[in-house]
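> Starting from these lines, generate the structure:
(2 chains)
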Amino acid sequence: MATATFRVWRGDAKGGKFQDFVMEVAPGMVVLDAIHEIQSSQANDLAVRWNCKAGKCGSCSAEINGMPKLMCMTRLSQLPLEKPITVEPMRSFPLVKDLVTDVSWNFRVKEQIKPFRPRKPDAPDGTWRMDQKDVDRVQEFRKCIECFLCQDVCHVLRNHHLYDQFIGPRFFVYAAALEMHPLDVEDRLKDLRKTQGIGFCNITKCCTKVCPESIHITDNAIIPLKERVVDQFYDPLKKLFRVFQGDK
Amino acid sequence: MAEYETHQHDVLVIGAGGAGLRAAIEASAAGVSVGVVTKSLLGKAHTVMAEGGIAAALANVDDRDNWKVHFADTMRGGQYLNNPRMAQLHAQEAPARVRELEAWGALFDRTQDGRILQRNFGGHKYPRLAHVGDRTGLEMIRTLQDHGIHQGIDVHMECTIVTLLKDGDRVAGAFGYDRERGRFKLFQAKAVVLATGGIGRAYKVTSNSWEYTGDGLALAYHAGATLMDMEFVQFHPTGMVWPPSVRGILVTEGVRGEGGILLNKDKRRFMFDDIPPLYKNQTADNPEEGWRYTQGDKNAKRPPELLTRDHVARCIVREVKEGRGSPHGGVFLDISWIKEKLPNAAEHIKKKLPSMYHQFKQLADIDITQEPMEVGPTVHYVMGGVRVDADTQMSDVPGLFAAGECGAGLHGANRLGGNSLSDLLVFGKRAGEYAACFAKEHSAVSVNPDEVEAAARQALEPFERESGEGPFQVQHDLQNMMQDWVGIVRREEELEKALSQIPVLWERWRKVSVGGNREYNPGWHTALDLRNLLTVSEAITRAALERKESRGAHFRDDYPAKDESFAKVHMTIRKGPDGEMRISREPASEIPADLQQIIEEMK
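Below you'll find the model as predicted:
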């Protein structure tokens, strides 16, 4: 059986360093298995956040050899085992301990986005009718497992730290799902432009690249939202109309 | 003196999966203050893993469906050990709960005419499961979460409860710690809803995540509530078996619902070899009829792959045991064969089962549109749990409620697929509603500081022990023992062996020591969870030993037949005055004449 070295970040908000763990590798193993093995045999207090271990809950996000990934879906056979494999916490969020970060900012951001508001039921049985093709578009966004890897990789957050002006790719996807929901009648465009910073996104598509659910974040969510914002706020006639209404 | 933060709520909900969130939303709507405690982050609970769908007799796909058929299917699946009132309420109220999710933003797959689409599932007579591809659970939990965060509910994320507190007979709150810093938290509440899910982590091969350590069951038991039906542990027939690191991860029943078939190594479709008498009239006569059923032919009967989970799981075990299994000790589940029937089969499979396609491709290098999967049984669900009142979900302890998987009654001896998500919604709502009523109707409670002090002291003991073994080894040994001796096929001498090992494991647990400090320390968390795992493992073992027959999910090799003397009996478990676990047999509730008549009509 082959052995591999895992170079795992150990530390907390005060600081930390990499620590090497050497272990045997079994067929089919994923990075999360390796972390669990280390936890049960070499470092009982190694902190890691995980749940489903099947790529469905989005808890075990980390940076593996520098790439934002889910630990449970990264197989060791895809990694060069001759070199140490680095496993670090997401760097865009404050560190709690070892591989666990404080992602609570994301939960606070979500609360600021206006919730779903459906139109009145209009089918005879008191519900609604929706076409599958209208639903398909939104179902893509609703695949999101809230792993926050897109937030982690986004340079507006990672390098420029605009946490109070920019909600990040995850919440553009969330807003897009609401805006494009066949039943929703709420208007979120003003918020997207003014307080949620959609203009800061310069569509480098890093978020799309790291999405474990393969959601076309930039093309299908962010760009259409940007277009809607432009359409509503930068159309000369509409702009003039707003000036007269006293709403800029 | 231990330091702790104190929080006051009228209703405290422990657990934030489907049942917990639905309970919290309902209680909050009733105008009381609500707190939710969740072991993980919001939206990560095991509900997220549910794939197949929510069973509700909406009759959108087959207009012959109605609550009575759903009720009769549920009772048949549970071998008539279900609480009939719960099965009735569940079947009657599930459609409204599904429509309510839609009104909160859920987007289910649609029928041609734009209504909620429903799919076939094991044990359900008609297509009944409202679904979103094979990620229904994610849709459900996200809908509840996104609705719930605007209802004024206080959410305490990554917080684990270690004990319930009482004021006389009544529940008075709960005591726990936050994972991040390891700080203690005291929750005072007039009513507490347990919604902690299952016990899968008592076994080695399970579809459940680390959270499912039977917390709610153990908390209730130690607080004086009654546990019931603990012998009924559901082994889902199709978990992944290879590679080893993914062993146990669920392969949705939806694969079989879409036409997937089970084959042994000789390519024989072995499910046709053994069809139980209770289901003979409802099962396809040949593969062709089975295929037609999965494609929506209303005149066709369902294929034997869609028999109840207990039966399918045992057939798989039989094939493996008799040397006809797949290379890694399972059998083959093949959906790729439908290319013989459908022109664009590969695309169809990817559209209908996207998560499964993804899961096998990424974790096992298998393209399910081209080759069969290897599958075998995995611990999935516990039918047993806290005994509750059917209408209110209150346990024997005043003010203590339980809903979802940690409650008992709805599913009897075996749960049908799809009835879990509907259970969470129907009884989550009811628990929230009645917990809020209870809080409004009752005066304030106070907690005893000595009790809190003792709980804090006990929680910290693993740090103080210098030289004990680590908690992971004890957990590992318990899981192996339960898997080997209290597993899918049970017999007296093995159950006895397990029962004699349990005190040994308890003793090892009392000496467990952990290193490091209280901040996000998985070793410490595991040491505390072990108390719950040991409690439920003991309960399962005792109940399994006591039921000397085979029924539903409980199969005894030494008593392979049903025994009439157990047909209307529940095994109940309580903590005795001396702290010992006491088991007794109690009569099942009578099925009222009107419900009995429905059962007869649907036979």
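
> mind checking pLDDT for the closest residue to chain A within chain B?
Across chain B, the shortest distance to chain A (C-beta to the nearest C-beta) belongs to B:Pro243, at 2.0 Å. Every residue, glycine included, has its C-beta placed from N, CA and C. For B:Pro243, the pLDDT comes out at 86.

> my read: it touches A:Pro27, true?
Yes - here B:Pro243 reaches A:Pro27: they are 5.2 Å apart, a contact under C-beta atoms under 8 Å.

> so where's chain A uncertain?
A:1, A:246-248 (pLDDT under 70).

> farthest residue from the center of it?
Farthest-out residue of chain A from its mean C-alpha position, per C-alpha atoms, centre = their mean: A:Phe244, at 39.5 Å.

> ok so that residue is a helix residue?
Yes - counting by DSSP: H, G, I helix; E, B strand; the rest coil, A:Phe244 is part of a helix.

> re earlier: compare B:Pro243 and A:Pro27 and say which one has the larger neighbour count.
Regarding B:Pro243 and A:Pro27, a neighbour count based on other C-beta atoms under 10 Å in any protein chain shown identifies B:Pro243 as having more, with 19 against 13.

> Not counting sequence-adjacent ones, nearest residue to that one?
Distances taken as C-beta to C-beta, 6 or more residues apart in numbering or on different chains put A:Gly28 closest to B:Pro243, at 2.0 Å, once the chain neighbours are dropped.

> so what's that neighbour up against?
A:75, A:77, B:242-246, B:363-364 (C-beta atoms under 8 Å, 6 or more residues apart in numbering or on different chains).

> where exactly do the strands run in chain A?
Along chain A, the segments classed as strands by DSSP state E run A:3-12, A:15-24, A:61-64, A:67-70, A:85-88, A:95-97, A:100-101.

> Just give me how far the third one sits from the chain centre.
Here strand A:61-64 is found 13 Å from its chain centre; the criterion is C-alpha atoms, centre = their mean, to the nearest Å.

> Each with direction, which strands does that strand pair with?
Here strand A:61-64 is paired, per DSSP bridges, with strand A:67-70 (antiparallel), strand A:85-88 (antiparallel).

> cool, and the second one?
Strands adjacent to strand A:15-24 in the sheet, as given by DSSP bridges, are strand A:3-12 (antiparallel).

> neighbouring contacts of the partner strand?
The contact list for strand A:3-12, computed with C-beta under 8 Å, 6+ apart, reads A:16-25, A:34-35, A:38, A:43, A:46, A:76, A:81, A:83-89, A:95-99, B:519.

> now those: which count as buried?
Applying 16 or more other C-beta atoms under 10 Å in any protein chain shown to these, the neighbour count classes A:19, A:21, A:23, A:25, A:34-35, A:38, A:43, A:46, A:76, A:84-89, A:95-99, B:519 as buried.

> what's near enough to touch A:Ala43?
A:Ala43 makes contact with A:10, A:19, A:21, according to C-beta under 8 Å, 6+ apart.

> The strands paired with strand A:61-64: which one's closest to B:Val379?
Proximity to B:Val379 (C-beta to C-beta) singles out strand A:67-70 among the strands paired with strand A:61-64, at 23.8 Å.

> Make sure B:Asn83 is actually in contact with B:Ala390.
Yes - assessed by C-beta under 8 Å, B:Asn83 is found in contact with B:Ala390 at 5.3 Å.

> list residues touching both of these two?
Common contact partners of B:Asn83 and B:Ala390 (C-beta under 8 Å, 6+ apart): B:Gly409.

> higher neighbour count, these two?
When B:Asn83 is set against B:Ala390 and neighbours are counted by other C-beta under 10 Å, the residue ahead is B:Asn83, at 27 against 18.

> Would you quantify the distance from the residue of chain A found nearest chain B to B:Val36?
Closest contact between chain A and chain B, by C-beta to the nearest C-beta, is at A:Gly28 (2.0 Å). Taking C-beta to C-beta, to the nearest Å as the measure, A:Gly28 falls 37 Å from B:Val36.

> repeat for B:His147
Separation of B:His147 from B:Val36 (C-beta to C-beta) stands at 13 Å.

> strands paired with the helix or strand hosting B:Ala191, and their directions?
Using DSSP states H and E, B:Ala191 sits within strand B:184-194. Applying DSSP bridges to the sheet, strand B:184-194 is found paired with strand B:4-14 (parallel), strand B:170-178 (antiparallel), strand B:400-402 (parallel).

> Return the set of buried residues in the longest one.
Of the residues in strand B:4-14, those with enough neighbours to count as buried (16+ other C-beta under 10 Å) are B:4, B:7, B:9-14.

> Next: stretch B:110-118.
B:110, B:114-118.

> Pull the most distant pair out of those residues.
Greatest spatial distance among the buried residues of stretch B:110-118 (C-beta to C-beta): B:Gly114 and B:Gln118, at 13.6 Å.

> is it true that A:Arg49 touches A:Val100?
Yes - here A:Arg49 reaches A:Val100: they are 4.9 Å apart, a contact under C-beta under 8 Å.

> sorry, back to before: tell me which residues of the helix or strand following the strand holding B:Ala191 are tucked away?
The helix or strand immediately downstream of strand B:184-194 is helix B:215-222, counting by DSSP H and E. With burial defined by 16+ other C-beta under 10 Å, the residues of helix B:215-222 counted as buried are B:215-221.

> is helix B:215-222 anywhere near chain A?
No - Helix B:215-222 stays clear of chain A (C-beta under 8 Å from any C-beta of the partner chain), getting no nearer than 14.7 Å.

> and that helix, C-alpha only, in PDB?
Output of helix B:215-222 as PDB, limited to C-alpha atoms (Å, rounded to 0.1, in the frame of the first residue of the first chain):
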ATOM      1  CA  ASP B 215     -29.200  12.200  20.800                       C
ATOM      2  CA  GLY B 216     -32.900  12.900  21.000                       C
ATOM      3  CA  LEU B 217     -33.700   9.300  21.900                       C
ATOM      4  CA  ALA B 218     -31.000   9.200  24.600                       C
ATOM      5  CA  LEU B 219     -31.900  12.700  26.000                       C
ATOM      6  CA  ALA B 220     -35.600  11.700  26.200                       C
ATOM      7  CA  TYR B 221     -34.800   8.300  27.800                       C
ATOM      8  CA  HIS B 222     -32.600   9.800  30.500                       C
END
